[in-house]
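curious how this folds, go ahead:
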Amino acid sequence: MRFTPLLLGALLLTSSALAQQRTIAVDATAIQGDLNRNFNMVVGAGRANEGLRADWQQQLAEIRRDAGFRYIRMHGLLSDDMGVYKVDAQGREQYNFQYIDALYDYLLSVGVKPFVELGFMPAAMASGEKTIFWWRGNVTPPRSYEKWEKLVKALTQHWTERYGQKEVASWYFEVWNEPNLDGFWAGTQDEYFKLYAHAARAIKSVSADYRVGGPATAGAAWIPETIAYAAKHDVPLDFVSTHTYGVEQGFLDEFGTHGTVLSKDAGSISNDVLKNRREIAASSKPRLPLHYTEWSSSYTPSDPTHDSYHQAAYILQKLKQVGDAAQSMSYWVFTDIFEEAGPRFEAFHGGFGLMNTQGIKKSAYFAYQFLNQLGPKTLANGDEQSIATVDGTGNVAVLLWDYTRTLPDGVNNQQYFIRDLPPRDKGSAQVALRGLKPGTYTLAVSQVGYRKNDAYTAYIGMGAPRQLTRAQVTELKAQATGKPSTLRTVRIGRDGTYTLPLPLRENDVYLVRLTKGGRP
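Numbering: from 1, shown residues only. Model (predicted):
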């Protein structure tokens with residue numbers, strides 16, 4: 001095709017119109033308030049028994065250091081592979097907390113507290129044999145609710161003796177997981193409320209200061225019903241919890257065979273959170289804290305959205321939309337060492353984790369690392385896809401992103417996100433700062449996006465091998481370190497201004513930090 005001067009001029013004009021400049025104008029003296037750190041209060045993990053593995057523990061210590069997660073929540077604390085409960089030949093109940101002790105001792109040693117999930121049912125206490133997942137978590141009600149209460153009380157007393165009342169009072173106790181789904185709870189709603197009441201009273205009998213809540217439902221459900229039940233029956237309820245995912249169908253699909261589709265709704269995730277906040281406000285307990293103890297783009301550990309570079313911008317977009325409507329937003333989960341569907345045979349398989357099984361950091365990891373590098377105070381900022389902060393010495397950080405849903409109609413996540421997906425140009429983002437203290441600063445710019453801290457695209461470029469060699473693991477880890485791509489000294493004059501232009505593509509993420517004096 002030949003380009004005439006007229007046609008070429010028209011094409012350049014069209015390209016210029018599409019490649020827009022976005023300006024993020026921030027005054028370093030316009031402090032808005034404290035940075036909401038609900039993003040790293042809690043993170044999820046698969047099941048308690050996996051937490052006894054050395055590689056799991058190493059990954060937790062690393063992500064604790066980089067992302068600052070303060071609590072962790074996981075399934076299966078009371079399941080048989082944790083060896084908690086049995087009945088001997090004489091019919092006597094026996095409790096054993098040694099595996100839990102080993103796990104919790106490690107968590108506390110690296111500065112992570114338990115967000116305790118009480119479940120599933122020990123087989124010797126269960127009323128049935130229905131289980132979920134490869135590791136067979138029993139999801140039936142107890143044969144005796146009194147014995148269930150006795151177990152919960154004994155465990156709570158044990159923790160109090162081992163760690164002290166002050167420490168345990170800083171934890172959260174959540175009863176069960178997703179009881180509104182048949183797969184997770186073989187009983188009725190009334191039976192769940194009975195289970196909850198017995199557990200809550202057991203915990204409070206040890207200390208009135210201990211925090212207990214639920215219902216930990218899927219799909220933002222049962223919040224008004226739980227509050228109403230607690231108020232009517234005088235049952236302790238210190239917080240409510242639930243879950244949400246950003247796909248358009250179903251809630252439970254271990255193998256991703258149904259073909260999940262990332263929601264077109266710009267308010268996915270946040271709409272559920274805001275709905276729950278309104279429900280709480282309209283209830284008899286309008287000030288109850290709200291904890292989202294699971295959330296992600298997709299409910300299946302076989303969805304390549306989790307691995308894709310798109311996920312970093314997705315996470316930031318949803319957290320910004322939620323704002324302070326929830327007291328915590330617990331990403332599900334921190335690692336692909338996660339065996340609901342059994343041990344996985346592929347290095348990247350769409351697992352929930354922020355890191356894969358070998359500890360390779362996905363792009364999503366850096367959304368949390370960058371958030372954790374922000375300052376303690378937010379700055380006034382009219383841009384909807386950025387956060388600007390300052391600390392007490394005048395160091396400024398701006399985290400900005402472009403979130404663009406690129407999934408074509410008629411294609412599901414499992415078909416689309418397994419590809420090499422070059423982004424379209426979005427023009428530029430200009431960070432325009434004023435109110436800076438004059439002097440010398442170190443400028444550090446870190447980026448996530450296509451082929452930027454993007455181990456998954458590099459993995460696709462290797463031919464997507466199911467198993468990785470040690471050399472391949474080393475190479476992929478080197479592709480995703482989170483280190484700044486730009487590090488230089490800048491001088492801020494008396495006018496206190498600084499402007500930084502950045503090229504912007506679909507689903508790019510940038511962290512810009514100006515640190516007074518030496519290196520950040």
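
what comes up buried for stretch 426-446?
426-427, 429, 431, 433, 435-436, 441-446 (16 or more other Cβ atoms under 10 Å). Just so you know, the C-beta spots here come from the backbone N, C-alpha and C atoms, and that holds for glycine as well.

can you give me the end-to-end span of it?
Using Cα to Cα, to the nearest Å, one end of stretch 426-446 lies 18 Å from the other.

also stretch 211-229?
End-to-end for stretch 211-229, by Cα to Cα: 17 Å.

repeat for stretch 25-39
Stretch 25-39: ends 24 Å apart by Cα to Cα.

low-confidence stretches in this structure?
1-19, 249-257, 518-520 (pLDDT under 70).

tell me what the residue positioned nearest the centre of it is bridged to.
Per Cα atoms, centre = their mean, the C-alpha nearest to the average position across the chain is that of Y331, at 1.4 Å. Beta bridges link Y331 to V43, W295, judged by DSSP bridges.

now do the contacts for it.
V43, G44, W295, S296, I315, L354, A364, Y368 (Cβ atoms under 8 Å, 6 or more residues apart in numbering).

swap in 10 Å and give it another go.
Counting by Cβ atoms under 10 Å, 6 or more residues apart in numbering, Y331 touches 39-40, 42-44, 67, 69, 292, 294-296, 315, 318-319, 352-354, 364, 367-368.

likewise T481?
So T481 contacts K361, F366, S446, N453, A455 (Cβ under 10 Å, 6+ apart).

and it, how close does it get to L399?
18 Å (Cβ to Cβ, to the nearest Å).

P114 too?
P114 is 29 Å from L399, by Cβ to Cβ.

Y368 contacts V43, correct?
Yes. With contact defined as Cβ atoms under 10 Å, Y368 counts as touching V43 (8.2 Å).

one step back: could I get the buried residues of stretch 426-446 as TSV with distance to V152 and secondary structure?
Formatted as TSV, the buried residues of stretch 426-446 follow (distance: Cβ to Cβ, whole Å; DSSP: H, G, I helix; E, B strand; the rest coil):
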residue	distance to V152	secondary structure
K426	52	strand
G427	56	strand
A429	51	strand
V431	51	strand
L433	53	strand
G435	53	coil
L436	54	coil
Y441	54	strand
T442	52	strand
L443	53	strand
A444	48	strand
V445	50	strand
S446	45	strand
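
all helices for this structure, in order.
Secondary structure of the chain by DSSP state H: the helices cover 5-18, 54-67, 98-109, 145-163, 165-168, 189-206, 223-233, 270-281, 310-322, 363-372, 413-416, 455-461, 470-479.

out of the ones you listed, flag the one nearest T260.
Within those, the stretch nearest T260 is helix 413-416; the backing value is 4.8 Å (Cβ to Cβ).

show me what counts as buried in the closest one.
Result for helix 413-416 [16+ other Cβ under 10 Å]: buried residues N413, Q414, Y416.

likewise stretch 389-400?
T389, V390, G394, N395, V396, A397, V398, L399, L400.

isn't A312 right up against Y368?
Yes. Contact criterion Cβ under 10 Å: A312 and Y368 qualify, at 9.0 Å.

more neighbours: these two, which one.
A312 (30 against 24; other Cβ atoms under 10 Å).

which residues touch the more buried one?
Neighbours of A312 in contact, by Cβ under 10 Å, 6+ apart: 354, 362-370, 401, 403, 447-449, 452-454, 507-509.

show me which pair in the buried residues of stretch 389-400 is furthest apart.
Farthest-apart pair in the buried residues of stretch 389-400 is G394 and L400; separation 19.9 Å (Cβ to Cβ).

sorry, back to before: can I get the helices of the chain in a markdown table including distance to P501?
Output for these, formatted as a markdown table (distance: least, Cβ to Cβ, whole Å):
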| stretch | distance to P501 |
| --- | --- |
| helix 5-18 | 15 |
| helix 54-67 | 28 |
| helix 98-109 | 44 |
| helix 145-163 | 52 |
| helix 165-168 | 49 |
| helix 189-206 | 54 |
| helix 223-233 | 45 |
| helix 270-281 | 30 |
| helix 310-322 | 19 |
| helix 363-372 | 19 |
| helix 413-416 | 31 |
| helix 455-461 | 25 |
| helix 470-479 | 26 |
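
ranges for the strands of the stretch 401-520 of the chain?
Residue ranges of the strands in the stretch 401-520 of the chain, as given by DSSP state E, counting those that start in this stretch, are 425-434, 439-448, 486-492, 498-505, 509-516.

mind checking the end-to-end distance for stretch 279-295?
19 Å.

return the distance of it from the chain's centre.
Centroid separation for stretch 279-295 versus its chain: 19 Å, with Cα atoms, centre = their mean, to the nearest Å.

in that stretch, which residues are buried?
For stretch 279-295, burial by neighbour count (16+ other Cβ under 10 Å) applies to E279, I280, S283, K285, L288, L290, H291, Y292, T293, E294, W295.

picking up where we left off before, which one of the strands of the stretch 401-520 of the chain lies closest to P236?
strand 509-516 (41.3 Å).

tell me what the closest one is packed against?
On a contact count with 3 or more Cβ pairs under 10 Å, 6 or more residues apart in numbering; DSSP states H and E, strand 509-516 meets helix 310-322, helix 363-372, strand 386-390, strand 396-401, strand 425-434, strand 439-448, strand 486-492, strand 498-505.

now tabulate the ones you listed in CSV and tack on distance to F133.
Listed next are the helices and strands packed on strand 509-516 as CSV, based on distance: least, Cβ to Cβ, whole Å:
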stretch, distance to F133
helix 310-322, 24
helix 363-372, 23
strand 386-390, 37
strand 396-401, 34
strand 425-434, 41
strand 439-448, 32
strand 486-492, 45
strand 498-505, 39
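
between the ones you listed, which gets nearest to G267?
Between G267 and those, the tightest spacing by Cβ to Cβ is seen for helix 310-322, at 6.9 Å.

hmm, back to that, could you dump the buried residues of helix 413-416 into TSV with distance to P142 added?
Output for these, formatted as TSV (distance: Cβ to Cβ, whole Å):
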residue	distance to P142
N413	38
Q414	38
Y416	44
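
which one of the buried residues of stretch 426-446 sits closest to R488?
L443 (5.4 Å).

ok, the closest one touching L502?
No. Contact criterion Cβ under 10 Å: L443 and L502 do not qualify, at 11.7 Å.

related to what we said a few turns ago, which residues do Y368 and V43 both contact?
With Cβ under 10 Å, 6+ apart, Y368 and V43 have common neighbours I63, A67, G68, F69, Y331, F334, L354.

using TSV, lay out those residues together with distance to A464.
As requested, these are exported to TSV (distance: Cβ to Cβ, whole Å):
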residue	distance to A464
I63	25
A67	27
G68	32
F69	29
Y331	25
F334	23
L354	20
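
for T156, state which of those is nearest.
Using Cβ to Cβ, the shared contacts of Y368 and V43 come closest to T156 at F69, 23.6 Å.

okay, that closest one and I460: tell me how far apart.
Counting by Cβ to Cβ, the gap from F69 to I460 is 28 Å.

correct me, but N395 touches A388?
No. With contact defined as Cβ under 10 Å, N395 does not reach A388; the gap is 11.8 Å.

now for those two: what residues contact both?
A28, G375.

how's this protein carved up into domains?
The chain resolves into domains spanning 5-33+379-516, 37-302+321-347 when parsed by automatic domain parsing.
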